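Student: 3D, please:
(2 chains)
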Amino acid sequence: MKRLAVLAAAALLALTGCGAGSGSVGSGSAASGSASSSGGGLSGTLTVFAAASLTGVFGQLGKELTKANPGLDVRFNFAGSSGLATQLTQGAPADVFASANTTQMKVVTAAGLQAADPVVFTENVLEIAVPKGNPGHVTGLADFGNPSLTLAVCAPDVPCGAAAKQVFAAAGVQARPDTEEEDVKAALTKVQLGEVDAALVYATDVQAGGPKVQGIPFPEAEQAVNKYPICVLKAAPNAAAARAFVALVRSADGQAALKAAGFRVPGA
Amino acid sequence: MRNRRSGVPAPLLIPASLGVAFLVLPLVGLLVRAPWGSLWSQLTAPGVGTALRLSLVCATAATLISLVLGVPLAWVLARSRARGRSVLRALVTVPLVLPPVVGGVALFLVLGRQGIIGRRLYETAGITIPFTTPAVVIAETFVAMPFLVISVEGALRAADARFEDVAATLGADRWTTFRRVTLPLVAPGIAAGSVLCWARALGEFGATITFAGNFPGTTQTMPLAVYLALQRDPEAAIVLSLVLMAVSLGTLLLLRDRWLGRSGAGIAA
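Tutor: All right, here's what the predicted structure looks like:
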């Protein structure tokens, strides 16, 4: 229970939601309005649209929030950020949007859907994922140019593919993948099944991949650091819960959960 | 004909019209939102022709395989008196209820590099099936064949078995009876099943992208191209969808005219 109280306090402190503007009267009153609700009084349904890579951490944080607020029903829509951005611009009802990159967040802010400016709450870098035992003897990014290996990268149209393109360019590697996956989890699945010798995924995916997956970090990954912005949406049906969730994500607790999942603290 | 058509009773007409609206309106939506101005440049973008050709080739190959394997299977389900037939029928329809992505994973477990059969192929002959064009055909066949089997089985059950009995009394063996009597009798059912199967194979996405992966020229069919275009440029995705739909509708209408003409004549003869 003490932990929950800390959570609630953290939520209170950062209650201005998507960042900045903490001095304004509006956000001040919002904070005081939620003061009582954070003590367990948040209710209704909270709908969070979040990048698929956040599935584990956000699911866990959602549970913590529900434990602190038994009347609250937290629902997640985990999918590729671009798909989520499309859904949001098409009018899908949601309270919070957490994107795996700034590009898709810009799609949402360009449509004026945000309640306040998005803030970057975590970062992720690429890592090479290989099946346990590393049957293809992959050692670094240069192996992605080896035609005799079976290799998966993300399609250039999706964020992890764009990042892959960047690191290949930085490393001067002519990548020869066998498949361009539709999202990073699909690439990871192929490693877990042992059907590819290596895939380029995020550090968090390697962490989430379990014992069947080994990760190989590489220095060129710094060329494509993925920043994750989050914001409360203007049309949020449950703005109070939305702000509490964003605050929780940015709190020490939230950051610790993110770190455990392979993410890193922004700017670290 | 005309008399019968004008006499559609209202209780049928109203839900039928609603049904048409429900099925056709999304298509209208695509047509309305299509970027007609940039249509040509989208159509001639690199990769569109390749993806379309690959789609047509793979869907046709999947349909042919389904015919070769599926018609005999339908016969077994409809005519044989083997025990466990109902279990067999349920098993055959598994791909219909399985989410296609799961189907793709299941194919990995059998035919993948680490799969039950695939592992031997890989270790003895160095053959890997995933991420190749044959993998696309396999994924599409897996998902689409049940449509053909069920259609043909329905046709076989509806067909008058007395013709087969007569053929048998006239001295035809079962194989001859099947070829000369049963097959012509259920030809319209086979045609309908093939069309369903082909259409389903053409639109196949989940099992394909899972088992065959996605690589332009080798495994990227139109539905995969549409999905990925959607990540980047929704307008391009709409154009690609329209192309896929136009080609498939065109093909089906063309075949329908031909087939109906022939099978109609066949039945009359």
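Student: drop to CA atoms for contacts and neighbour counts, all remaining ones
Tutor: OK.
Student: what is the neighbour count of whatever residue of the stretch 51-200 of chain B ends up closest to chain A?
Tutor: Nearest residue of the stretch 51-200 of chain B to chain A (CA to the nearest CA) works out as B:R113 at 5.6 Å. By other CA atoms under 10 Å in any protein chain shown, 24 other residues sit near B:R113.
Student: then the one 5 residues further on?
Tutor: Counted by other CA under 10 Å, the residues lying close to B:G118 total 22.
Student: that one contacts B:I129, correct?
Tutor: Yes - assessed by CA atoms under 8 Å, B:G118 is found in contact with B:I129 at 7.4 Å.
Student: rewinding a little: which residue packs closest to the residue of the stretch 51-200 of chain B closest to chain A, ignoring adjacent ones?
Tutor: Leaving aside its sequence neighbours, B:R113 sits nearest to B:R119 (CA to CA, 6 or more residues apart in numbering or on different chains; 5.0 Å).
Student: report the separation between the one you found and A:A236.
Tutor: Separation of B:R119 from A:A236 (CA to CA, to the nearest Å) stands at 51 Å.
Student: let me see the mean pLDDT of the helix or strand containing B:R162.
Tutor: In this structure, B:R162 sits in helix B:161-169 according to DSSP states H and E. Averaging pLDDT along helix B:161-169 gives 89.
Student: please compute how far it lies from its chain's middle.
Tutor: The chain centroid and the centroid of helix B:161-169 are separated by 31 Å under CA atoms, centre = their mean, to the nearest Å.
Student: please identify the buried residues of it?
Tutor: Using 16 or more other CA atoms under 10 Å in any protein chain shown as the test for burial, helix B:161-169 gives B:164, B:167.
Student: elements contacting it?
Tutor: When contacts are defined as 3 or more CA pairs under 8 Å, 6 or more residues apart in numbering or on different chains; DSSP states H and E, helix B:161-169 sits against helix B:174-177.
Student: and the contacts of the helix it packs on?
Tutor: Around helix B:174-177, the neighbours that count as contacts under CA atoms under 8 Å, 6 or more residues apart in numbering or on different chains are B:164, B:167-168.
Student: what residues does the stretch 1-150 of chain A have near chain B?
Tutor: For the stretch 1-150 of chain A, the residues in contact with chain B (CA under 8 Å from any CA of the partner chain) are A:82-83.
Student: residue of the stretch 1-150 of chain A closest to chain B, please.
Tutor: Taking CA to the nearest CA, the stretch 1-150 of chain A has A:S82 as its residue nearest chain B, at 5.7 Å.
Student: which of the three states applies to that residue?
Tutor: Three-state assignment for A:S82 (DSSP: H, G, I helix; E, B strand; the rest coil): helix.
Student: wait, it sits on B:D233?
Tutor: No - between A:S82 and B:D233 there is no contact under CA under 8 Å: 10.1 Å.
Student: pick out whichever of those two has more residues nearby.
Tutor: More crowded of A:S82 and B:D233, by other CA under 10 Å: A:S82, with 24 against 12.
Student: and the more buried one, what is it in contact with?
Tutor: A:S82 makes contacts with A:104, A:158, B:231-232, as judged by CA under 8 Å, 6+ apart.
Student: which among those gets closest to A:D95?
Tutor: Nearest to A:D95 among these, counting by CA to CA, is A:Q104 at 16.4 Å.
Student: please report how far the closest one lies from A:A50.
Tutor: In terms of CA to CA, A:Q104 sits 11 Å off from A:A50.
Student: tell me how many other residues crowd the closest residue to A:L126 other than its chain neighbours.
Tutor: Leaving out its chain neighbours, the residue that sits closest to A:L126 by CA to CA, 6+ apart is A:Y202, at 4.1 Å. Other residues lying near A:Y202 total 29 when counted by other CA under 10 Å.
Student: what residues does A:Y202 make contact with?
Tutor: A:Y202 sits next to A:124-128, A:160, A:184 when contact means CA under 8 Å, 6+ apart.
Student: who wins for neighbours among those residues?
Tutor: Counting by other CA under 10 Å, top hit in the contacts of A:Y202: A:L126 with 28 neighbours.
Student: who in chain B is up against chain A?
Tutor: Checking chain B against chain A by CA under 8 Å from any CA, the hits are B:108, B:112-114, B:130-131, B:209-210, B:213-215, B:228-229, B:231-232.
Student: between which two of the residues you listed is the distance greatest?
Tutor: Using CA to CA, the pair of those lying farthest apart is B:Q114 and B:R232, separated by 33.4 Å.
Student: and these two? Which one has more around it.
Tutor: Remark: of B:Q114 and B:R232, B:Q114 carries more neighbours, 20 against 16, as counted by other CA under 10 Å.
Student: I'd assumed A:L193 was in contact with the more buried one.
Tutor: Yes - assessed by CA under 8 Å, B:Q114 is found in contact with A:L193 at 7.3 Å.
Student: pull up the overlap in contacts between the two.
Tutor: Common neighbours of B:Q114 and A:L193 (CA under 8 Å, 6+ apart) are B:F108.
Student: so how far is stretch B:13-26 from its chain's centroid?
Tutor: Remark: stretch B:13-26 is offset 23 Å from the chain centroid, using CA atoms, centre = their mean.
Student: ok, back up a step: relative to B:A229, how far out is the residue of the stretch 1-150 of chain A closest to chain B?
Tutor: Distance of A:S82 to B:A229, given as CA to CA: 11 Å.
Student: same check, this time on B:V149
Tutor: Using CA to CA, B:V149 is found at 33 Å from B:A229.
Student: same question, B:F131
Tutor: For B:F131, the distance to B:A229 equals 20 Å [CA to CA].
Student: give me the more crowded residue out of those two.
Tutor: More neighbours surround B:F131 than the other of B:F131 and B:A229, with 28 against 19 (other CA under 10 Å).
Student: report the secondary structure state of the more buried one.
Tutor: State at B:F131, reduced to three classes by three-state DSSP: coil.
Student: with A:P156 instead?
Tutor: A:P156, by the three-state scheme (three-state DSSP), is coil.
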